[in-house]
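1. Give me a model of this one.
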Amino acid sequence: MNKKLNIKKLSIEVRASLVFLFASVCSQGMSIISMPVFTRLLSTEQMGTITTYNTWFNFIGMITTLGLTSGSFNIAMMRFGDKRAQYTSSALTLSFIPSVPLFVLSFPFGNFFSSILGLSVPLVRCMCFMLVLNPALNLWLMKERYEYKYIAVFFVTVFNAVVGTLLAVVSVIIANGYRISDLPEIRLYSSSFITAVLASVIVVIIYLSGKTLFNAQYWSFAIKNGLPLIVHSVAKYILDASDKILIGYFIGSAAVGVYGVLYSLSSISLVFWSAINSALIPYIFEKLKLGMWHKIRAVASPLIIAYAVLCLFLMLLAPEITNVMAGSAYTEAVYLIPPISSGIFFTSLYNLYSNLLLYKEKTIYVMLATISAAVFNIIANIILLPLFGYIAAAYSTLASCCLLALMQYLFTTKLGISKVLDNRLNLGLSVTLIVSSIIINITYKNIPIIRYSIILILIIGVFINKKRIIGAFQIAKSKEVG
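-> As a prediction, the model looks like this:
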């Protein structure tokens with residue numbers, strides 16, 4: 001009877017995981033679907049305003065959230081297992097300390113902020129207002145994910161993405177019909193309105209369930225573990241964005257556009273890794289807490305293999321994906337995808353090892369590794385871009401992500417916890433992806449039959465091992481700790 005109950009419970013959690021994955025794809029898909037509408041109604045300068053707003057919002061938000069919505073929150077969910085609601089409400093109050101004064105200052109100093117950020121004063125105030133509310137939404141979503149409440153996450157995520165995007169599209173179309181020129185503001189106000197309404201409701205829910213405005217222990221824990229992750233987040237942002245900035249400086253804006261599109265296509269697999277990693281984090285923390293290290297390896301290994309295969313699929317199908325998603329104008333840059341995809345695979349390895357560091361509350365190590373990788377990426381691009389063009393940025397990204405994963409591995413080795421993962425397997429997959437990125441590039445023009453043969457072999461291999469992969473994902477999603 002118990003066995004049947006457990007199987008039923010596992011199947012429900014797997015379905016919930018697929019629902020969460022669908023929500024993530026839907027959320028990102030809405031931005032892709034709506035893009036042709038906005039690019040036709042808004043000028044390139046107006047689209048640039050939206051990009052500038054989003055860039056500043058993400059960057060400033062890393063600082064004003066005090067690292068509360070980073071990996072430290074998952075540590076808190078494990079440490080304060082019976083007081084999660086109280087920690088969340090206390091953390092929300094802490095997030096208001098930098099964001100609320102910034103919003104207040106945006107009124108007397110709106111023009112000053114406007115000149116620095118390159119945005120209109122109303123957009124500056126809109127941004128500051130959303131910086132106040134956004135942490136509530138993120139904290140609540142992270143808590144719900146950690147507790148496997150994926151149905152609630154699904155409805156909030158999809159509602160925010162679908163309704164927010166539809167309202168923005170309709171508003172811009174109507175405003176354009178009335179010859180209103182402030183289309184970027186209307187686009188951003190519309191989508192922000194839906195997020196603000198959701199976040200406001202969630203603020204009430206968090207405080208009603210947690211009933212804790214301030215707790216010295218929670219604040220001390222959050223600041224101690226969160227502050228190093230602010231530096232980590234900023235450094236990671238620089239690592240991800242510096243190549244585009246430097247391409248624009250050394251080569252030109254057209255090259256940035258090509259590189260940016262191909263980078264986005266190479267990053268498609270991150271949607272799936274996000275779902276995998278969100279499943280692994282609570283599982284890894286729980287097993288480490290119980291000393292069941294061997295169970296982590298048994299689950300993590302087939303999942304990282306599956307993700308490596310997904311990255312290989314993306315490399316092998318790069319010409320076809322580029323033609324469908326971007327068009328013939330970008331096909332000459334298809335050679336960017338293999339090294340970038342390989343670099344993104346190393347991001348998954350970095351996540352695995354950083355999860356172990358976060359469990360040990362060694363956030364300073366996570367920060368140091370990211371800073372080192374960001375600095376290396378900048379130096380490599382400055383040296384190589386003038387010599388080899390934007391293709392150099394793809395390989396600089398690959399090398400930087402290798403360094404990031406390697407440093408995380410070395411730090412976990414220093415702490416004596418790297419053996420939790422199958423390090424030989426991870427090394428073998430790393431070498432395979434790097435070698436494959438070089439070989440596959442050669443097959444794009446002249447010998448596609450090799451690509452198609454490899455794809456067929458991979459499909460057969462996935463089909464043969466599908467039960468093992470699905471089983472590992474089931475175990476990762478299971479709340480059972482035995």
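
2. Contacts only, for residue 355.
-> Going by C-beta atoms under 8 Å, 6 or more residues apart in numbering, residue 355 touches 71, 277, 280, 281, 284, 285. Bear in mind the C-beta positions are built from the backbone N, C-alpha and C, glycine included.

3. and if we set it to 6 Å?
-> 281, 284 (C-beta atoms under 6 Å, 6 or more residues apart in numbering).

4. now swap in the one 4 residues further on and tell me
-> Neighbouring residues of residue 359 by C-beta under 6 Å, 6+ apart: 285, 288.

5. how about a cut-off of 8 Å?
-> With C-beta under 8 Å, 6+ apart, residue 359 has these contacts: 75, 78, 284, 285, 288, 417.

6. dump the residue contacts of the residue lying closest to the fourth one once chain neighbours are set aside.
-> Read that as residue 285. Closest residue to residue 285 apart from its sequence neighbours, by C-beta to C-beta, 6 or more residues apart in numbering: residue 78 at 4.5 Å. By C-beta under 8 Å, 6+ apart, the contact set of residue 78 is 282, 285, 286, 289, 359.

7. Out of those, which sit inside helices?
-> Among those, the ones falling in helices (DSSP state H) are 282, 285, 286, 289, 359.

8. Look at residue 148 and tell me its secondary structure.
-> Under DSSP: H, G, I helix; E, B strand; the rest coil, residue 148 falls in the coil class.

9. Any idea how many residues pack against it?
-> 19 (other C-beta atoms under 10 Å).

10. Next, the distance between the ends of stretch 281-300.
-> 11 Å (C-alpha to C-alpha, to the nearest Å).

11. now the helix or strand hosting residue 220, how far from the centre of its chain.
-> Residue 220 is part of helix 216-250, with elements assigned from DSSP states H and E. Computed by C-alpha atoms, centre = their mean, to the nearest Å, the separation of helix 216-250 from the middle of its chain amounts to 13 Å.

12. Now do the buried residues in it.
-> By neighbour count on 16 or more other C-beta atoms under 10 Å, the buried set for helix 216-250 is 218-219, 221-222, 225-240, 242-244, 246-248, 250.

13. immediately after that helix, which helix or strand?
-> Counting by DSSP H and E, what follows helix 216-250 is helix 253-266.

14. Would you mark the buried spots in that next one?
-> Of the residues in helix 253-266, 255, 256, 257, 258, 259, 261, 262, 263, 265, 266 count as buried by neighbour count, 16+ other C-beta under 10 Å.

15. repeat for stretch 382-397
-> Buried residues in stretch 382-397 (16+ other C-beta under 10 Å): 384, 385, 390, 391, 392, 393, 394, 395, 396, 397.

16. Could you pull up the residues touching the third one?
-> Listed by C-beta under 8 Å, 6+ apart, the contact set of residue 390 reads 247, 251, 255, 258, 259, 333, 336.

17. what do you get for the first one?
-> Counting by C-beta under 8 Å, 6+ apart, residue 384 touches 392, 393, 395, 396.

18. do the last one as well
-> By C-beta under 8 Å, 6+ apart, the contact set of residue 397 is 243, 339, 340, 343, 377.

19. Output the residues you listed in CSV, with pLDDT, secondary structure and distance to residue 462 appended to each entry.
-> Formatted as CSV, these follow (pLDDT from 0 to 100; DSSP: H, G, I helix; E, B strand; the rest coil; distance: C-beta to C-beta, whole Å):
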residue, pLDDT, secondary structure, distance to residue 462
243, 85, helix, 32
339, 95, helix, 24
340, 93, helix, 22
343, 94, helix, 23
377, 95, helix, 33
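
20. quick one: what helix or strand has the residue nearest to residue 285 in it?
-> helix 71-79.

21. Residue 402 contacts residue 345, correct?
-> No. Applying C-beta atoms under 8 Å, one finds residue 402 not in contact with residue 345, separated by 9.9 Å.

22. Quick check: neighbours shared by the two?
-> residue 430.

23. who's more crowded, the two?
-> residue 345 (30 against 21).

24. Would you check that that one makes contact with residue 308?
-> Yes. Contact criterion C-beta under 8 Å: residue 345 and residue 308 qualify, at 6.0 Å.

25. intersection of neighbour lists for those two?
-> Both residue 345 and residue 308 are in contact with 429, 433, where contact means C-beta under 8 Å, 6+ apart.

26. and the residue lying closest to residue 102 once chain neighbours are set aside, what does it touch?
-> Spatial nearest neighbour of residue 102, chain neighbours left out: residue 128 (5.3 Å); criterion: C-beta to C-beta, 6+ apart. Residues in contact with residue 128 (C-beta under 8 Å, 6+ apart) are 99, 102, 103, 105, 106.

27. swap the cut-off to 10 Å and go again
-> If you count contacts by C-beta atoms under 10 Å, 6 or more residues apart in numbering, residue 128 has them with 57, 60, 64, 99-107, 110, 113.

28. per-domain residue ranges of the chain.
-> Split into domains by automatic domain parsing, the chain comes to 1-214, 227-482.

29. Count the neighbours of residue 338 for me.
-> Residue 338 is flanked by 28 other residues according to other C-beta under 10 Å.

30. typed the wrong thing, it's residue 79
-> 16.

31. next one: residue 424
-> Neighbour number of residue 424 under other C-beta under 10 Å is 8.

32. May I ask which helix or strand encompasses it?
-> Using DSSP H and E, residue 424 maps to helix 423-446.

33. Who are the packing partners of that helix?
-> Contacts defined by 3 or more C-beta pairs under 10 Å, 6 or more residues apart in numbering; DSSP states H and E place helix 423-446 against helix 293-316, helix 318-325, helix 337-359, helix 391-414, helix 448-464.

34. okay, the angle between the fourth one and helix 423-446?
-> Computed with axes from the mean of the first three to the mean of the last three C-alpha atoms, to 10 degrees, the direction of helix 391-414 lies at 170 degrees from that of helix 423-446.

35. With just CA atoms, put helix 391-414 into CSV.
-> Presented in CSV, the C-alpha positions along helix 391-414 are these (Å, rounded to 0.1, in the frame of the first residue of the first chain):
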residue,chain,number,x,y,z
ILE,A,391,33.9,34.9,-32.8
ALA,A,392,36.6,35.5,-30.1
ALA,A,393,33.9,36.6,-27.6
ALA,A,394,32.2,33.1,-27.9
TYR,A,395,35.4,31.4,-27.0
SER,A,396,36.2,33.9,-24.3
THR,A,397,32.8,33.1,-22.8
LEU,A,398,33.6,29.4,-23.0
ALA,A,399,37.0,29.8,-21.3
SER,A,400,35.5,32.1,-18.6
CYS,A,401,32.7,29.6,-17.8
CYS,A,402,35.3,26.8,-17.6
LEU,A,403,37.3,28.9,-15.1
LEU,A,404,34.1,29.6,-13.1
ALA,A,405,33.3,25.9,-12.8
LEU,A,406,36.9,24.9,-12.1
MET,A,407,37.2,27.4,-9.2
GLN,A,408,33.9,26.2,-7.7
TYR,A,409,35.2,22.6,-7.9
LEU,A,410,38.5,23.6,-6.3
PHE,A,411,36.7,25.4,-3.4
THR,A,412,34.5,22.4,-2.8
THR,A,413,37.6,20.2,-2.8
LYS,A,414,39.2,22.5,-0.2
